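>>> I'd like to go over a predicted model; first the sequence, then the structure.
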Amino acid sequence: MELDYCLSNEWLLTNGLGGYSSSTLCGINVRTYHGLLVASIYPPYGRRVILSKLEEWVSDGEQEFPMSSNSYPDVIYPNGYSYLEGSEWGSNYIRWIYKFPICSVVKTVILHRLQSALTVRYEIDDKCSVKIMPLITDRSHHLTRKSGFARFSTKGEGNELIVKENGKSLMRVWSNQRYELQQTEFWYYNFNYIKDKELGNNYLDDLFNPFSLTFTSRQFELGFGLTRSPAPSLESPPETILELIGRATLDFLVRGNRGPAIVAGYHWFGEWGRDTMISLEGTLLMNGLFNEARDILQRYIDSSFRGFLPTYFRDHDGEPSYRGVDVTLWAINALYSYYKYSGDKNFIKKNIDRLIEDLEWYLKGNGIVRMSRGLLFHSGAPLTWMDAQFDGNVVTPREGAAVEVNALLYNSLMIIDHLLKELGSEPHFVYVAEELKKSFNTYFVGEHGLYDYLDEDLRPSVEVRPNQIFAISLPFQIVRDEVARKVMEIVERELLRPYGLSTLSRSDPKYKAVYGGERRTRDQAYHNGPIWPWLLGAYVDAKARTEKDPINLKSLIAYFDPLISYAKSNRGFLPELFNDIVPYRAGGCIAQAWSVSEVFRGLSKLLAV
């Protein structure tokens, strides 16, 4: 396998607890987040790298060849990648085929569902031994550690090996075949995580090798885990693209200590409220997982504070944080989708008063949001989805009346009134919704479609951004049809790309096409040009509402073929964003929940035309 190809392609397996297994195609870890066993200590939070990787060598007694490769400062060693001929990425496994002068080896890593464990399976076609040296650590997946931070030891217990850290069990190791055990207790120094170095993050790491295991069997399995569990059957990926993306949505659903949750993205994002609510239809409802959707909605509704639902749950303890002015509004939209799919009136009846109370906080003000001149204004930044900041500098503050937040509020008011009618009650928000719609069409409509936001003095931002699409895409459209058509014209001319919607017009002086470099450079670009795939879902909704010709609508499938091809090559996963310049390199998280779920929803809608 070519080294450049290896280093630029990553794989990911998830275990349904927030943990995962991930690396590059040839096993060279290039991120702190890479590891064979990354366990969620209190699911879905507290992810820690336990088993970073395996050092492996094959031998016929006279010659020895490496299977593994590592990045060290200024060198890749050993050169196992050069013997790698192919790989196969399944739903719960990754397989590699190695061709050596002395034998061939097929290696398969299988991640166990709802367990912090994995099985590594080896199949050898000739008489070769395989020497395996686990490289372990115990650290947050965000950080690196230097040698000596703990004392590791190994103890045999029955047919298992117990690796201990400072006398406490860290990891269990087991096998179905006999092996020769050698206590090594070596530190390996200065693993160089290339991508983290490029991003200005911590990137030098030390790993510990407690022992080596040498196998002479033609077929054997080796298990690693916090607890022992049997190897699951292999699950091949679905064949059709829609099934493939639909299956990938389920990798973001996790069984947490407080119930089901949706992880926003792998590798580094935890549970975020906005991402959860936007992803809920594509991840859960379209897969028929109504109970999980109901439980997630209930947990968020029960956690509301002065009208706000949690923006995220902190990674270290799972406690909620409230920083998003739109999370409650996205949750009401998700609730409406849940009702349309499930018809669950009892759930609506149980929660309708609480949601009315939440919206009343928006209308009377809670110290962050307030109504003025018929519109919703918010103070403080960043409080919308465009939330990049560094060193106290907010890149896209959007403080005031944000276009999508006001469209979401109108949508929420209309949804609650609709649900009240469904329950046989009188609508509650008729007057305020009418006033909001009138003010919105008075103040937001401009030369470039809709203004992105208005400041406290109603001075508009003329930046051309995709946020205006939500004034059309949401179930209850806030703008007149002629305005909707103008918005679509602007969005398609300025922002539409084969991978989603760009976040800023190329004619804007703030526009930056590339997301890369160190934190400051990345954050300056984050919402100022790069393409976000999750916006495709809203674009398709808006297009379906404004385009009367079904042939034109269906032709969008061909337009988005590059995005579809990317998903095919990455087992249905889609990244957080793409650069807005050829060759449209992926950036941010390699697998983002709302990217996958909204593309799944949008493509399903187009194919159903």
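Thanks, I have the structure now.

>>> show me the helices in the stretch 301-450 of the chain, by range?
327-342, 345-364, 403-422, 430-443 (DSSP state H, counting those that start in this stretch).

>>> how about the stretch 51-200 of the chain?
Under DSSP H, counting those that start in this stretch, the stretch 51-200 of the chain gives helices at 194-198.

>>> ranges for the strands of it?
Using DSSP state E, counting those that start in this stretch, the strands of the stretch 51-200 of the chain run over residues 64-66, 70-72, 75-77, 84-89, 93-99, 104-111, 117-124, 129-140, 152-157, 160-165, 168-175, 180-192.

>>> ok, residues contacting the first one?
What it means is strand 64-66. Residues from elsewhere that reach strand 64-66 (CB atoms under 8 Å, 6 or more residues apart in numbering): Glu56, Trp57, Val58, Ser59, Pro78, Asn79, Gly80, Tyr83, Phe100, Pro101, Ile102. Every residue, glycine included, has its C-beta placed from N, CA and C.

>>> of these, which is the nearest to Glu357?
Glu56 (59.2 Å; CB to CB).

>>> what's the closest non-adjacent residue to the closest one?
Once flanking residues are discounted, Glu56 sits nearest to Met67: 3.9 Å by CB to CB, 6 or more residues apart in numbering.

>>> again, but for Gly223
Closest to Gly223 by CB to CB, 6+ apart is Trp174, at 4.5 Å.

>>> isn't the residue nearest to Glu56 right next to Val106, touching?
No. The pair Met67 / Val106 is not scored as a contact, 11.1 Å apart, by CB atoms under 8 Å.

>>> the two: which is more packed in?
Met67 (25 against 16; other CB atoms under 10 Å).

>>> one step back: any chance of a markdown table for the helices of the stretch 301-450 of the chain, columns distance to Gly273, mean pLDDT and mean neighbour count?
Listed next are the helices of the stretch 301-450 of the chain as a markdown table, based on distance: least, CB to CB, whole Å; pLDDT from 0 to 100; neighbours: other CB atoms under 10 Å:
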| stretch | distance to Gly273 | mean pLDDT | mean neighbour count |
| --- | --- | --- | --- |
| helix 327-342 | 4 | 98 | 22 |
| helix 345-364 | 13 | 98 | 16 |
| helix 403-422 | 13 | 98 | 23 |
| helix 430-443 | 23 | 98 | 17 |
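
>>> reformat the ones you listed as CSV; add distance to Tyr566.
Putting the helices of the stretch 301-450 of the chain into CSV (distance: least, CB to CB, whole Å) gives the following:
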stretch, distance to Tyr566
helix 327-342, 26
helix 345-364, 37
helix 403-422, 26
helix 430-443, 36
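
>>> wait, which of these is closest to Glu243?
It's helix 327-342; of these, that one is closest to Glu243 (CB to CB) at 19.0 Å.

>>> list the residues that are in contact with both of Met67 and Val106.
Tyr98.

>>> can you pull out the strands in the stretch 501-609 of the chain?
531-532, 577-578, 586-587, 591-592.

>>> let me see the residues that make contact with the third one.
Surrounding strand 586-587, the residues in contact under the criterion CB under 8 Å, 6+ apart are Tyr515, Gly516, Pro530, Tyr566, Pro575, Glu576, Leu577, Phe578, Asn579.

>>> same thing with the second one?
The contact list for strand 577-578 (CB under 8 Å, 6+ apart) reads 497, 499-500, 515, 526, 530-533, 584-588.

>>> quick check: closest non-adjacent residue to the most centrally placed residue in the chain.
For the chain, the residue nearest the mean C-alpha position is Gly265 (1.8 Å; CA atoms, centre = their mean). Once flanking residues are discounted, Gly265 sits nearest to Cys589: 3.6 Å by CB to CB, 6+ apart.

>>> show me what contacts the one you found?
Ala264, Gly265, Tyr266, His267, Trp268, Phe269, Pro575, Glu576.

>>> then Pro533?
So Pro533 contacts Tyr499, Gly500, Leu563, Leu574, Pro575, Leu577, Phe578, Gln592, Ser595, Glu598, Val599 (CB under 8 Å, 6+ apart).

>>> and the furthest pair within those residues?
That would be Phe578 and Glu598, which, of the contacts of Pro533, are the farthest apart (CB to CB) at 14.3 Å.

>>> over to Pro238. Which of the three states is it?
Put simply, Pro238 is coil when judged by DSSP: H, G, I helix; E, B strand; the rest coil.

>>> note down every partner strand of the helix or strand hosting Ala261 and its orientation.
Using DSSP states H and E, Ala261 sits in strand 259-262. Paired with strand 259-262 in the same sheet, following DSSP bridges, are strand 253-256 (antiparallel).

>>> export the partner strand as PDB, just CAs?
In PDB, the C-alpha atoms belonging to strand 253-256 read as follows (Å, rounded to 0.1, in the frame of the first residue of the first chain):
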ATOM      1  CA  LEU A 253     -26.400   5.900  18.700                       C
ATOM      2  CA  VAL A 254     -24.900   4.800  22.000                       C
ATOM      3  CA  ARG A 255     -26.200   3.200  25.200                       C
ATOM      4  CA  GLY A 256     -25.300   5.700  27.900                       C
END
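
>>> appreciated, that's everything.
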